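J.: Any chance you could fold what I've pasted below:
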Amino acid sequence: MKNWFIKLPQSVRLLIVVVTYAAIFIGHVAGVNYYVKNYSEKVDSKEVVVTTKEIPLHTVIRTEDLTIKRVRLSDLVGGAIVDPDTIVGKETQAPMGKNEQFNADKINTVVKKEGEMIIEIPTEWVMSFPKSLRRLDKVSLLPVADTTKNARVDFTATANQQSNSVQGSASVTAGGMKDDPNAPILAEARELLKGLTVAYFKDNTANEITDALPANSNAVKDSAPRINSSNLGARLELAVTPEQWAMIYKLTQNTYKFVISYQ
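T.: Reported below is the predicted structural model:
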């Protein structure tokens, strides 16, 4: 076989060699491109859920806000979500940009119903609260007269009557003072301010309080008791209606504080 090749003119032999190498090179490139297009992308990437547009914080996620996109493994976020059905109906835990991937840290269960708003309860309005509170707990706000103040205001009194209604300290009962002239509105408040949803329970640095496992524990975090928390709770946010918020504000402006209890 070599003999016939050697007998060919040198120019022809060179042409055959060049054509052969060119064919091998083109075939290699075509093969690589075919692999990348049909196999490599699937092997080296994964389909995940991403946003179709910017989504603000605490926004309920709709189907049209999501799409499936193939992302290279090197660009995946930790715990990237692949099923859009697990996201729709929940709310964003952080502001999200267009084409941003989802993971558990970026979504949360919706805490407010239609017509509700999320309000942070100032610490000075609270007399006591369970330290084991967690997000989505149901609580009641029990109004209690603040006996550290020298005067209390009668909600039903006129301005002149209020100025003459100064009372000293008295014993505290559930929901107010004994013989409290504001008993009717306090009863209304106890009924109105029950079953409120804890939207967020945070520490002083605005990080959410979660269950924490004791050192050297083999327990699963989701099954950890509330005895241990990730930090000390300091900021309580509740989902309330405008009517409930008006009642809370009215009471606090009239020398009442709240004992917060589990529902």
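
J.: Closest to the mean position in this structure, which residue would that be?
T.: With the centre of the chain defined as its mean C-alpha position, the nearest residue by Cα atoms, centre = their mean is Q93, 3.2 Å away.

J.: how close does it sit to R135?
T.: As judged by Cβ to Cβ, to the nearest Å, Q93 and R135 stand 11 Å apart. Placement of C-beta: from N, CA and C, glycine included.

J.: go on, H28?
T.: Looking at H28 against R135, where the rule is Cβ to Cβ, the gap reads 57 Å.

J.: Any regions of the stretch 51-200 of the chain where pLDDT drops low?
T.: Across the stretch 51-200 of the chain, the stretches falling below the confidence threshold (pLDDT under 70) are 148-180.

J.: Quick check: phi and psi on the residue lying closest to V259 once chain neighbours are set aside?
T.: The shortest distance from V259 to any residue other than its chain neighbours is 4.4 Å, reached at L142 (Cβ to Cβ, 6 or more residues apart in numbering). For L142, the backbone dihedrals are phi -100, psi 110 (criterion: degrees, to the nearest 10).

J.: Neighbours of L142, how many?
T.: Here the number of neighbours of L142 (other Cβ atoms under 10 Å) works out to 21.

J.: doesn't Y262 make contact with it?
T.: No. Between L142 and Y262 no contact is recorded; they are 11.4 Å apart, counting by Cβ atoms under 8 Å.

J.: Tell me the pLDDT of the closest residue to D203 other than its chain neighbours.
T.: Excluding its sequence neighbours, the residue lying closest to D203 (Cβ to Cβ, 6+ apart) is N231, at 4.0 Å. pLDDT for N231: 80.

J.: now swap in D222 and tell me
T.: Looking at D222, its pLDDT stands at 52.

J.: picking that back up, quickly list what's touching both of Q93 and R135.
T.: Common neighbours of Q93 and R135 are listed as N108 (criterion: Cβ atoms under 8 Å, 6 or more residues apart in numbering).

J.: Relative to I26, how far out is V12?
T.: When Cβ to Cβ is the yardstick, V12 and I26 sit 21 Å from each other.
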